[in-house]
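Peer 1: Fold the following and give me the result.
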Amino acid sequence: MSEYLIPIFIAIIIIFGLIKKADVFGEFVEGAKESISASFEILPALIALMTAIGMFKASGGLGFLSELISPLTDLLGFPKECIPLALIRPISGSGALAVFESILSEVSPDSFAGRVASVMIGSTETTFYTIAVYYGITKVKNTRHAIASSLTADLTGFILSALTVRLILQ
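Peer 2: Residues are numbered from 1 along each chain as shown. Predicted coordinates for the structure are as follows:
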């Protein structure tokens, strides 16, 4: 059934457009044009974000920060192996996936750290990337409380990932 869902959805849109006597193809082309222009508008922010992540990892800053935070995370019962994932996840989805893959290859997917990393990758968001993309498209300059509240939600997701795994899966 799932392989038919997208074609059915597209057919419904086309049929609805024909019933409303709308120029379906013209609207599609206009939407594609807007998407391409939006992509060019947010591209500089994305390039800067990816460059900063690469520099942070290559400089050893990620390892240093992980070691600095580890005494606190030990008190919370958060696995030391997942600290780099918690630091990278709010910034970069692809960087987080690379860290996630290294965690799974180092400690096993069935270990406590592997399970916590799996829950973290599925239950947290790439905050800065999302804010850069959506605020860039809408041309919002003042993020106000969006970053602080989003990072608080990420922190809650990280802590609850470890707690959930400990309570349910261990």
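Peer 1: Count residues in the vicinity of Asp74, would you?
Peer 2: Using other CB atoms under 10 Å, Asp74 has 11 other residues around it. Any C-beta I mention is one placed from the backbone N, CA and C, and that applies to glycine too.
Peer 1: Surely it touches Lys80?
Peer 2: Yes. The criterion here is CB atoms under 8 Å, and Asp74 meets it with Lys80 at 7.2 Å.
Peer 1: which residues of this structure score low on pLDDT?
Peer 2: Along the chain, the parts satisfying pLDDT under 70 run over 170.
Peer 1: Next, give phi and psi for the residue lying farthest from the centre of it.
Peer 2: Distance from the C-alpha centroid of the chain peaks at Lys21, with 39.1 Å (CA atoms, centre = their mean). Torsion angles at Lys21 (phi, psi; degrees, to the nearest 10) stand at phi 60, psi 40.
Peer 1: I'd like the distance between it and Glu27.
Peer 2: Computed as CB to CB, to the nearest Å, the Lys21 to Glu27 distance reads 12 Å.
Peer 1: Likewise for Leu85?
Peer 2: 41 Å.
Peer 1: helices or strands up against the longest helix belonging to the chain?
Peer 2: Assignment by DSSP state H gives helix 24-58 as the longest helix of the chain. In terms of contacts (3 or more CB pairs under 8 Å, 6 or more residues apart in numbering; DSSP states H and E), helix 24-58 is packed against helix 2-19, helix 127-138.
Peer 1: To Leu65, which of those lies closest?
Peer 2: Leu65 sits nearest to helix 127-138 of all the helices and strands packed on helix 24-58, at 15.7 Å, using CB to CB.
Peer 1: Next, the angle helix 24-58 makes with the closest one.
Peer 2: 140 degrees (axes from the mean of the first three to the mean of the last three CA atoms, to 10 degrees).
Peer 1: Give the buried residues for helix 127-138.
Peer 2: Residues 127-129, 131-133, 135-136 are the ones in helix 127-138 that count as buried (16 or more other CB atoms under 10 Å).
Peer 1: could you give the angle of whatever helix or strand comes next after the longest helix of the chain to helix 24-58?
Peer 2: For helix 24-58, the following helix or strand on the C-terminal side (DSSP states H and E) is helix 61-76. With the same axes, to 10 degrees as the basis, helix 61-76 and helix 24-58 are set at 90 degrees to each other.
Peer 1: Could you check how far helix 61-76 is from the centre of its chain?
Peer 2: With CA atoms, centre = their mean, to the nearest Å as the basis, helix 61-76 stands 21 Å off its chain's centre.
Peer 1: could you point out which element follows that helix?
Peer 2: helix 83-88.
Peer 1: what's that next one packed up against?
Peer 2: Checking 3+ CB pairs under 8 Å, 6+ apart, helix 83-88 ends up next to helix 61-76, helix 93-107, helix 112-123.
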